[in-house]
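Participant: Below is the sequence, then the predicted model.
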Amino acid sequence: MSDSAPPRQSLTTTAGVGRSPNRAMLRAVGFQDDDFERPIVGVASLHSDITPCNAHLDRLARKGIEGVRAAGGVPQIFGAPTVSDGISMGHLGMRYSLVSREVIADSIETVCGAMNHDGVLTFGGCDKNMPGCIMAMARLNIPSVFVYGGSILPGLGPDGEPLDIVSAFEAVGQFQAGKIDEKKLHKVECETCPGHGACGGMYTANTMSTAIEAMGLSLPGDASYPAVSAAKEREAYLAGKALMHCIAHNIRPRDLITRKSLENAFTLVLALGGSTNAVLHLMAIAREAGVDWTLADFDRLGEKVPHLADLRPSGKYVMYDVYRVGGTPAVLRALLDGGFLHGDCPTVTGRTLAENLADVKSVYAKPQDVVMPLDKPKYPKGHIVILKGNLAPDGAVAKLSGLKVRTITGPAKVFDGEEACFQAIQAQKIKPGDVVVIRGEGPVGGPGMREMLSITGALMGQGLGDKVGLITDGRFSGGTHGMVVGHVAPEAYTGGPIGLIHDGDSITIDGEKKLLQLNETDAELAKRKAAWTAPKLKAERGVLAKYAKLARSASEGATTG
C-alpha cells in the first residue's frame with residue numbers, strides 16, 4: 001500500500017496505436033475518447049433470479065456504477081454464476097455449492113485479468129458468493145471493494161412467530177413426526193422468505209459478510225444493512241467511490257488480508273455465533289492471499305473470544321435485529337473496546353478499523369438483549385471448536401452453540417451418502433443416543449462436500465437434535481444446530497478413518513475435550529484399513545470431476561488452488 005497509484009494496468013489493453021482495434025471494440029459498448037484516460041474497473045454482479053439472495057443485486061450494482069463514474073472511473077459490469085444453497089439442499093445439486101466458490105473466483109479473475117482492470121467492485125449475496133469474490137480479489141490483488149446484498153427480513157409464521165429458511169427445514173421434520181399437519185407446513189413454506197435478501201440468521205451468508213467487514217474489505221455497516229433498505233443502496237454508491245479512492249492510493253486486498261485482520265474476522269464470527277463454513281472459507285481466503293493460517297489458529301481464538309449474540313440458529317434473533325441495535329459497527333466497537341480486535345488494521349476506506357469506529361457507539365450504549373454483555377456472555381468461549389482423535393487425525397469442526405450436553409458416546413448408524421440417511425430419518429429409524437455417520441460426502445468423495453441441513457433440520461423437527469450425535473466428512477449449513485461434527489479429515493474417499501466405521505461401533509464426540517474417537521483398538525482399525533479399497537470417483541467429467549481431481553482436504557480449506 002502506498003499513497004500514489006501505480007501506472008494503470010488497463011493501459012496495457014487500451015494505450016497506443018497498436019491498441020486501436022481494442023479501443024474500437026470498447027467504443028461499441030459506449031467508451032468515449034476521454035474514457036481511455038481514466039481508470040477502467042470491473043463491476044462483478046452475481047445477480048440472478050435463481051435465489052432471493054441475489055435477485056436484487058443488479059439494482060445495487062447499478063448504484064455502484066454510479067459511484068464509480070462520479071469518482072472518475074469507467075465501470076464495466078459483468079456477471080458470475082451463483083448456486084443457491086437453500087434450493088440445492090437435500091439433493092445432488094448441493095454437490096455444486098462449494099464448487100461454485102471456486103468457479104466464482106475463477107470467473108472474476110478471468111474477466112478482470114483478461115481486461116487488465118485497474119480495480120474491481122464485487123456484489124454477492126449467497127453463501128459461496130462472498131468467499132468466491134474475496135478469493136478472486138486476493139488473487140488479482142488490484143484495488144477492490146466488496147458489497148454484500150444484505151439480509152432478508154424475517155417472515156411471519158401462522159401463529160405470529162418470526163420465520164426464516166431454517167423454519168421451513170425444521171417444519172419438514174415436524175410434519176414427518178406428526179407434530180404439524182400439511183396445511184401448517186404449507187403456511188410456513190409460503191411465509192418463510194418474504195422478499196429479497198440472504199437467509200436471515202447467523203448462517204453462512206451473514207457469517208461471511210460480517211467476517212469480510214471485520215477484515216476491512218467492505219464499507220462499515222455492509223454486513224448488517226437489510227437488503228431492501230435505502231441504506232444498502234446508498235452504501236453501494238459509496239462503495240463505487242471508495243473503490244476509486246483505493247485505486248488512487250494503491251490500497252490492495254493483500255494489504256488488508258493479514259494474520260491480524262483474519263483474527264478480527266474470526267473474532268466477530270465467534271462473537272456473533274457464526275457458521276462452521278467460516279473455517280473453510282477463511283482458510284481459502286488466507287491461502288489466496290498468501291497468509292499462513294491453520295486450524296490451530298481458529299482453535300486459539302475460540303479459547304478466548306466469548307459467544308455474545310443471541311442469533312439463530314441457536315438463538316432467537318436474526319441479522320435485522322443486529323441492524324436494529326446499531327449494526328455490525330456497534331458490535332465491532334464493543335469488541336474493540338473490550339480488547340478483542342486489532343484496531344490498527346487498514347481498510348478500504350483508507351482509514352484503520354479503529355478510525356472507522358471512532359464515532360460509532362457501542363452496541364452496549366443502549367439497553368438491548370440481542371448481544372449479551374462481555375462479562376455475561378451466552379458462552380465464555382467460542383462456539384466453533386476443532387476436534388481431533390483417531391476418527392479425525394487432521395481435524396474436524398464442531399459447532400457447540402445452544403447445546404446443553406456437549407458429550408455423547410453411542411452406537412454408530414452408518415450411511416454412505418446423505419440420501420440413505422434421510423430415508424432412515426423419514427422412517428424414524430434414528431433413536432436417542434445414536435451417533436449418525438454420513439460419509440462419502442467430502443471434497444473428493446462427494447464430490448463437493450455437501451451441506452446436511454435437510455438431515456439436521458429433520459432431526460430437530462423430530463425432537464432428536466440434542467439426543468443424537470452426527471459426524472460427516474461433508475459440511476453443515478450455517479442454519480444447523482445440534483451435536484454435529486463436520487469437515488472430518490481425512491475424508492472417507494481418501495482412506496480416512498471415517499470410512500472404516502461399522503454399524504454399531506462405539507463413537508465418542510466430546511466438545512469439552514475436543515475429541516472425536518472411534519472406540520476400537522488400533523489393531524482392529526489397522527485390519528480394517530488393510531481391507532479397504534478406494535471407491536470409484538462419482539463424477540467422471542465436467543466441473544465436479546475437475547474439482548474432485550484438484551480439491552485439497554477440508555483441513556486446508558477444500559480449495560483447488
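Facilitator: Looks like it came in fine.

Participant: which stretches of this structure have low pLDDT?
Facilitator: 1-5 (pLDDT under 70).

Participant: pretty sure Ile430 is touching Ala424, no?
Facilitator: Yes. With contact defined as C-beta atoms under 8 Å, Ile430 counts as touching Ala424 (6.0 Å). Heads up, the C-betas are built off the backbone N, CA and C, glycines and all.

Participant: Common neighbours of these two, please.
Facilitator: Lys413 (C-beta atoms under 8 Å, 6 or more residues apart in numbering).

Participant: residues touching the closest residue to Gly90 other than its chain neighbours, list them.
Facilitator: Spatially, and ignoring its direct neighbours in sequence, Gly90 is nearest to Ser454 (3.4 Å; C-beta to C-beta, 6 or more residues apart in numbering). By C-beta under 8 Å, 6+ apart, the residues touching Ser454 are Met89, Gly90, Phe169, Val172, Glu418, Phe422.

Participant: what secondary structure does the second one sit in?
Facilitator: Translated: Gly90. coil (DSSP: H, G, I helix; E, B strand; the rest coil).

Participant: I'd say it and Phe422 touch.
Facilitator: Yes. With contacts counted by C-beta under 8 Å, Gly90 reaches Phe422, the gap being 7.1 Å.

Participant: the more surrounded of those two?
Facilitator: Neighbour count, other C-beta atoms under 10 Å: between Gly90 and Phe422, Gly90 has more, with 21 against 18.

Participant: and that one, how far is that from Ala548?
Facilitator: 21 Å (C-beta to C-beta, to the nearest Å).

Participant: For the residue positioned nearest the centre of the chain, give me its contacts.
Facilitator: With distances taken as C-alpha atoms, centre = their mean, Thr204 lies nearest the centre of the chain, 3.9 Å away. Residues counted as contacts of Thr204 (C-beta under 8 Å, 6+ apart) are Asp85, Asp127, Ser275, Asn277, Ala278, His281, Ser477, Gly478.

Participant: which SS state does the last one fall under?
Facilitator: Under three-state DSSP, the three-state class of Gly478 is coil.

Participant: From what I see, it and Ser209 are in contact.
Facilitator: No. The pair Gly478 / Ser209 is not scored as a contact, 11.4 Å apart, by C-beta under 8 Å.

Participant: Tell me where the stretch 401-550 of the chain has helices.
Facilitator: 418-426, 453-461, 522-531, 542-550 (DSSP state H, counting those that start in this stretch).

Participant: Measure how far the second one is from the centre of its chain, please.
Facilitator: Think helix 453-461. 20 Å (C-alpha atoms, centre = their mean, to the nearest Å).

Participant: what does the first one give?
Facilitator: Centroid separation between helix 418-426 and its chain, computed with C-alpha atoms, centre = their mean, is 26 Å.

Participant: orientation of that helix relative to helix 453-461 in degrees?
Facilitator: 20 degrees (axes from the mean of the first three to the mean of the last three C-alpha atoms, to 10 degrees).

Participant: contacts for the longest strand along the chain?
Facilitator: Counting by DSSP state E, the longest strand found in the chain is strand 407-416. Residues outside strand 407-416 that contact it (C-beta under 8 Å, 6+ apart): 421, 424, 429-430, 433-440, 468-469, 483, 501-513, 519.
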